[in-house]
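Peer 1: sharing a model prediction with you, sequence too.
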Protein chains: 2
Amino acid sequence: MAIEHAILVSLSEKSATGYDLARRFDASIGHFWRATHQQIYKVLARMDEQGWVKSEATKRGGRLDKKTYSITDPGAKELLRWTQSPSSPEVMRSDFAVKLRGFVDSDSIREDATTRLESYREMLAFYEESERKFYPDPAKIKDSARGAYLALRGGILLAQGNIAWCEEVLAELNSERR
Amino acid sequence: MAIEHAILVSLSEKSATGYDLARRFDASIGHFWRATHQQIYKVLARMDEQGWVKSEATKRGGRLDKKTYSITDPGAKELLRWTQSPSSPEVMRSDFAVKLRGFVDSDSIREDATTRLESYREMLAFYEESERKFYPDPAKIKDSARGAYLALRGGILLAQGNIAWCEEVLAELNSERR
DNA sequence: CAAGACATGTAACTGGTTACATGATTCG
DNA sequence: CGAATCATGTAACCAGTTACATGTCTTG
């Protein structure tokens, strides 16, 4: 139950339409929490009912108005409550690990590891680029940006962990081949 | 859609009741894929219908018989098919990262990071203990155990990544305090 | 004026969690 | 004989995905 809170975080930075949020979930916030536009619209409607967000409609020609959502006081209060309560540890769910456990065919594993390695490397490159661009001097990070910086660092460290894993898998499989 | 496959992996190692599987999901396999007994029973019933597993019932006094499940040929075939098809990359979903992005209160973050650090350290200690116990000499690992070993290595590498992340968060927050 | 981005949704479904319910077997 | 463990499930719900549907606005 955290997509609500991811939306609240995003809206607390800047009001947005569902569409805007969906794009943010494709980029920045989405590196830590994926969501489709369908889900976002559904959740926004619920949050509106709960009073965590409010929407301002802009009339358009057709039936559906454009709605700009912003966070309300109860929404901000809920966000604070959530950030102050302990987070439950993530449930580990790794297809790849299950596949390894059921190990039958080196070639498929090798292929899979190669693809994953590539995508984690891309991810890492992207994060490191962001780091260089936005936080060239870690000592000079503003208090307001510290959280986002630490989230980015998490992305980097976890991507590195995954890269190391894939590399080890590939090395092990290749040594087996001999 | 991988709990089926996690169950198939587990049953391919040894036939079991739903209850047994639930316990395995609390231990070994469960480090990579969590599941509750309710879910396991539900999925087992579906898999039985599909013909991926079969069950042998042992009469007991009461209404509900004890059922021992084993993998069938079609089940083994499906497992093979699954291991040979590329796995989709995990969707990242981290409460903690979202929390960091919405950074408001250092104390709560610090508390959360401390708890997480502790649990990841415990996890790492457990994995490393397993590694020492079951794979003291990596060069001597049997082919049949290689997959399980590499899955364990993944657990270790990811736990280390998470630990590094928590440590960095704590270091950063403490330097902020000055 | 066409293409692509902007914008909002419904419906059906799959996957997973939480709460509740029941009874058998084993062991101290 | 009581507690713990073994054993199986239902029901209600929450979360997330995939497919489908519709129309507007901007820009070359």
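Peer 2: Everything's here; your move.
Peer 1: A:Met47: what's it in contact with?
Peer 2: By CB atoms under 8 Å, 6 or more residues apart in numbering or on different chains, A:Met47 lies in contact with A:Glu4, A:Ile7, A:Leu8, A:Val53, A:Gly75. (Glycine included, C-beta is placed from N, CA and C.)
Peer 1: quick one: residues in contact with the helix or strand bottoming out on mean pLDDT in chain A.
Peer 2: The least trusted helix or strand in chain A, going by mean pLDDT, DSSP states H and E, turns out to be strand A:53-58, with a mean of 91. Residues outside strand A:53-58 that contact it (CB under 8 Å, 6+ apart) are A:7-8, A:11, A:44, A:47-48, A:65-72, A:75.
Peer 1: is any residue of that strand near DNA strand D?
Peer 2: No: between strand A:53-58 and DNA strand D, judged by CB under 7 Å from any atom of the strand, nothing touches; the nearest distance is 8.4 Å.
Peer 1: buried ones in that strand?
Peer 2: Of all the residues in strand A:53-58, those buried under the rule 16 or more other CB atoms under 10 Å in any protein chain shown are A:Val53, A:Lys54, A:Ser55.
Peer 1: now do stretch A:12-28
Peer 2: A:Ser12, A:Ser15, A:Ala16, A:Thr17, A:Gly18, A:Asp20, A:Leu21, A:Ala22, A:Arg24, A:Phe25, A:Ser28.
Peer 1: show me which of those residues is closest to DNA strand D.
Peer 2: The nearest member of the buried residues of stretch A:12-28 to DNA strand D, counting by CB to the nearest atom of the strand, is A:Phe25 at 9.5 Å.
Peer 1: that closest one: which element?
Peer 2: Assessed by DSSP states H and E, A:Phe25 sits inside helix A:18-26.
Peer 1: now A:Glu131
Peer 2: helix A:106-134.
Peer 1: name the next helix or strand downstream of that helix, please.
Peer 2: Next element after helix A:106-134 (DSSP H and E): helix A:146-177.
Peer 1: for that next one, buried residues please.
Peer 2: A:146-166, A:168-169, A:172-173.
Peer 1: repeat that for stretch A:86-97.
Peer 2: A:Ser87, A:Met92, A:Arg93, A:Ser94, A:Asp95, A:Phe96, A:Ala97.
Peer 1: of the residues you listed, list those near DNA strand C.
Peer 2: A:Arg93.
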